[in-house]
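> What would the 3D arrangement of this be:
(3 chains)
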Amino acid sequence: MVEIKEESLFEAPPMAEQERMIEAILFATADPVTIKEMAGRMPHGCDPAEALVHLRKRFDGRGVNVIKVGDAWAIRTAPDLGFLMQKETVEVRKLSRAAIETLAIVAYHQPVTRAEIEEIRGVSVSRGTVDQLIEMEWIRFGRRKMTPGRPVTFVVTQEFLDHFGLENARDLPGLKELRSAGLLENRPPPGTGFEAGDTDEGDEDQTELFEDD
Amino acid sequence: MVEIKEESLFEAPPMAEQERMIEAILFATADPVTIKEMAGRMPHGCDPAEALVHLRKRFDGRGVNVIKVGDAWAIRTAPDLGFLMQKETVEVRKLSRAAIETLAIVAYHQPVTRAEIEEIRGVSVSRGTVDQLIEMEWIRFGRRKMTPGRPVTFVVTQEFLDHFGLENARDLPGLKELRSAGLLENRPPPGTGFEAGDTDEGDEDQTELFEDD
Amino acid sequence: MVEQDQFQEDVSDRLAAEALIIDVDGFEGPLDLLLMLSRTQKVDLRQISVLALAKQYLSFIERAKELRIELAADYLVMAAWLAFLKSRLLLPPDPSEDGPSGEELAAHLAFQLERLQAMREAAAKLMARDQKGRDFFARGITEDVARVRRVTYTATLLDLMQGYARIRTRDDFRPFVMDRESVFTMEEALGRMRGLIGFAGDWTDILSYLPEGWETDPAKRRSATASTFAASLELAKEGRIEIRQSEMYSPIQIRKKLPTDG
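Numbering: from 1, shown residues only, chains lettered A, B, ... in the order given. As a prediction, this is how the structure comes out:
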């Protein structure tokens, strides 16, 4: 661009050219660059410190700025634009089967303890499943049960009711409706299932929910 | 800087502000960024394409330039300043003559099948050559050709364009001359019965390619 | 006159052949060799004499044979083809014979040579361009774009009811539980794997997740393998693990899905 070499070994390129040079250097170098290092890379006689003053001014108020890092210089994103370095993606996933079943049990049996959930599902309930449902604000801790060990119970939340369009957990279809909807094919033999395992004594709601036919 | 949110959810930031944003986005990455991706990261209602026009002009003749790579954009140092970046120079793996020729054939004839590459070079293409070019991310698989056997094709990548500073594959040096000289045609050897065996009906590009003199 | 030409041609052929034989290995096939030989004609490739070229090639092959240089088969195939082409070009066309004429074949060979030459020149032009990382440079200090992935889970009332019905239906089958002594259910497998998966940062054979005591008895092993596999699919679906299998019947491996960023 500028014929320097032919003219003199000691005449430096014009300042505009020097500014271009440090712009390229600061852009392409993986680490902040000291003035000394810039001078070492630029043609003889250049004054990177002065070129830097010009470049800094040029980037003043722009999307990136020339900033000092220790005793070196770098180009960095303007602080107010940091939000552009994020990309948010929202992924909607179907709740896992374990979570759905746990949720269903809480909804139908609330207030229900973890032990009861496990008893009904026949498998242990992972902490992650419960945590997930709590985090989604679909279940929350209810009052402690007045049984030995005073275990905590889980109940569904208002948020849960809103999501599923229910006014009340009791609006959930009972077994009879589930059966007539074809969701339950077999009539549970009396005396099996969780009634037997249900250590809950006090709560009428529960027994009501489990009434069959 | 600008109080947008309070005013309206749908009013885009001023163009100068949008220019700053894409400046920050392009400076932050080594890879080309598509307009769509910019739009996805910028506030609602922004027009990155227009902001790019302004930004491009702003960096005209500077130490770094805004360049187009395929359907994406990137900032690259001006080619005349390469001498300042000896430290950043990456040793490009020495490519064999076979690899260089194969690359050129893919670039100029794309989409091209392995058989067509072999027909042009007159020797079989070793797996290693193709693998190397794919590994360098200079070529990739394209769509299958609608000819018997539905062979896979190769095409060049965005990385290829970026590496060689091409806006798109149409900018390949000498492409027009080669085409008008008929040297990019895929002429089957006479008497091979290739013409007769060409069962391709739907694809105009293809039939054109296989037209015999 | 004709003899003189013939003589000079022979000489130049021989010289070319001798020069080229030395590095016959350096040629990338017969077409490459033909292209090199064509340079001795010092004409535009579009006006090349294919007949002369065929003669040059054949004498080159002869020389190579005399010098007992092993030539790859495709050089000999090309020689046979060029001998055929030469006869076609020299003999008057036989009207009873089908197929392309000698001129057509020659024209195609000339086209191939010209096209190969053009591609070589294009390749050279391409490599002479400014290249990234050599002549121009990308950003040195890059910033990662943090991919903030927000996962929201959803379920419908139907899911809920079906889930509940499933549990109740399962209860109905409880009397049959006895038969399931050697059945490891998917729920059990899931429960087990959920507990273990947090430690599976590296690719691990899925079979190492079989519960203790289930590895030896074939029936139990079968059931545990199936349920563990099904459970791993479920976990993969949930995005908690990754699964891979290098080829059919090879071990299936899983690992904890690493958080994605940038």
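
> What residues does the stretch 51-200 of chain C have near chain B?
Proximity of the stretch 51-200 of chain C to chain B, by Cβ under 8 Å from any Cβ of the partner chain, involves residues C:74, C:99-100, C:104-105, C:108, C:111-112, C:114-116, C:118-123, C:125-127, C:129-140, C:142-143, C:145. Where C-beta positions appear, they are placed from N, C-alpha and C, glycine not excepted.

> Which of those fall in helices?
C:74, C:104-105, C:108, C:111-112, C:114-116, C:118-123, C:125-127 (DSSP state H).

> Just the buried ones from those, in ChimeraX syntax?
Selecting the buried subset of those in ChimeraX, with 16 or more other Cβ atoms under 10 Å in any protein chain shown as the burial test, is done by:
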select /C:104,105,108,111,112,114,115,116,118,119,120,122,123,126
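
> which ones among the ones in helices among the residues of the stretch 51-200 of chain C next to chain B come in contact with chain A?
Among those, no residue sits close to chain A (Cβ under 8 Å from any Cβ).

> Say whether chain B is contacted by whichever strand in chain A runs longest.
In chain A, taking DSSP state E as the definition, the longest strand is strand A:86-94. Yes - for strand A:86-94, a contact with chain B is found by Cβ under 8 Å from any Cβ, at A:86, A:87.

> ok, that strand: who's next to it in the sheet?
strand C:146-154 (parallel) (DSSP bridges).

> Name the next helix or strand downstream of the strand it pairs with, please.
Of the helices and strands lying after strand C:146-154 in sequence (DSSP states H and E), the nearest is helix C:157-172.

> contacting residues around residue C:245?
Applying Cβ atoms under 8 Å, 6 or more residues apart in numbering or on different chains to residue C:245 gives the contacts C:251, C:252, C:253.

> Including neighbour count, distance to residue B:163 and secondary structure, could those residues go into CSV?
Shown next, in CSV, are those (neighbours: other Cβ atoms under 10 Å in any protein chain shown; distance: Cβ to Cβ, whole Å; DSSP: H, G, I helix; E, B strand; the rest coil):
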residue, neighbour count, distance to residue B:163, secondary structure
C:251, 13, 38, coil
C:252, 16, 38, strand
C:253, 19, 35, strand
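
> could you measure the nearest residue to residue A:49 once chain neighbours are set aside against residue C:129, distance?
Closest residue to residue A:49 apart from its sequence neighbours, by Cβ to Cβ, 6 or more residues apart in numbering or on different chains: residue A:35 at 5.3 Å. Distance, residue A:35 to residue C:129, by Cβ to Cβ, to the nearest Å: 34 Å.

> What residue, apart from its backbone neighbours, is nearest residue C:231 spatially?
In this structure, residue C:231 finds its nearest non-sequential neighbour in residue C:189, 3.7 Å apart by Cβ to Cβ, 6+ apart.

> need the contact list for that neighbour.
Residues in contact with residue C:189, defined by Cβ under 8 Å, 6+ apart, are C:209, C:224, C:227, C:228, C:230, C:231.

> In helices only, show me these.
C:224, C:227, C:228, C:230, C:231.

> Near the third one, how many other residues are there?
The burial count assigned to residue C:228 is 26, neighbours taken as other Cβ atoms under 10 Å in any protein chain shown.

> Residue C:210 is in contact with that one, correct?
Yes - Residue C:228 lies in contact with residue C:210 (Cβ atoms under 8 Å); the separation is 6.1 Å.

> Just the CA coordinates for stretch A:147-165, please, in PDB.
As requested, the backbone C-alpha atoms of stretch A:147-165 are provided in PDB (Å, rounded to 0.1, in the frame of the first residue of the first chain):
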ATOM      1  CA  THR A 147     -47.000 -41.300  62.100                       C
ATOM      2  CA  PRO A 148     -43.700 -42.600  63.600                       C
ATOM      3  CA  GLY A 149     -40.800 -40.600  62.200                       C
ATOM      4  CA  ARG A 150     -43.100 -37.800  61.200                       C
ATOM      5  CA  PRO A 151     -42.300 -38.100  57.600                       C
ATOM      6  CA  VAL A 152     -42.800 -35.100  55.300                       C
ATOM      7  CA  THR A 153     -45.600 -35.300  52.800                       C
ATOM      8  CA  PHE A 154     -46.000 -34.000  49.300                       C
ATOM      9  CA  VAL A 155     -49.000 -32.200  47.800                       C
ATOM     10  CA  VAL A 156     -49.600 -30.700  44.500                       C
ATOM     11  CA  THR A 157     -49.500 -26.900  44.000                       C
ATOM     12  CA  GLN A 158     -51.700 -24.300  42.600                       C
ATOM     13  CA  GLU A 159     -49.300 -24.100  39.700                       C
ATOM     14  CA  PHE A 160     -50.000 -27.800  39.000                       C
ATOM     15  CA  LEU A 161     -53.800 -27.200  39.100                       C
ATOM     16  CA  ASP A 162     -53.400 -24.300  36.700                       C
ATOM     17  CA  HIS A 163     -51.300 -26.300  34.300                       C
ATOM     18  CA  PHE A 164     -53.700 -29.100  34.100                       C
ATOM     19  CA  GLY A 165     -56.700 -27.000  34.100                       C
END
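
> Is any residue of it near chain C?
Yes - judged by Cβ under 8 Å from any Cβ, stretch A:147-165 comes into contact with chain C at A:164, A:165.

> Need the residues that contact that stretch.
The contact list for stretch A:147-165, computed with Cβ under 8 Å, 6+ apart, reads A:103, A:106-107, A:110-115, A:117, A:130, A:136-145, A:166-169, A:199-200, C:156-157, C:160.

> So which of the residues you listed are in strands?
Counting by DSSP E, the part of these found in strands is A:112, A:113, A:139, A:140, A:141.
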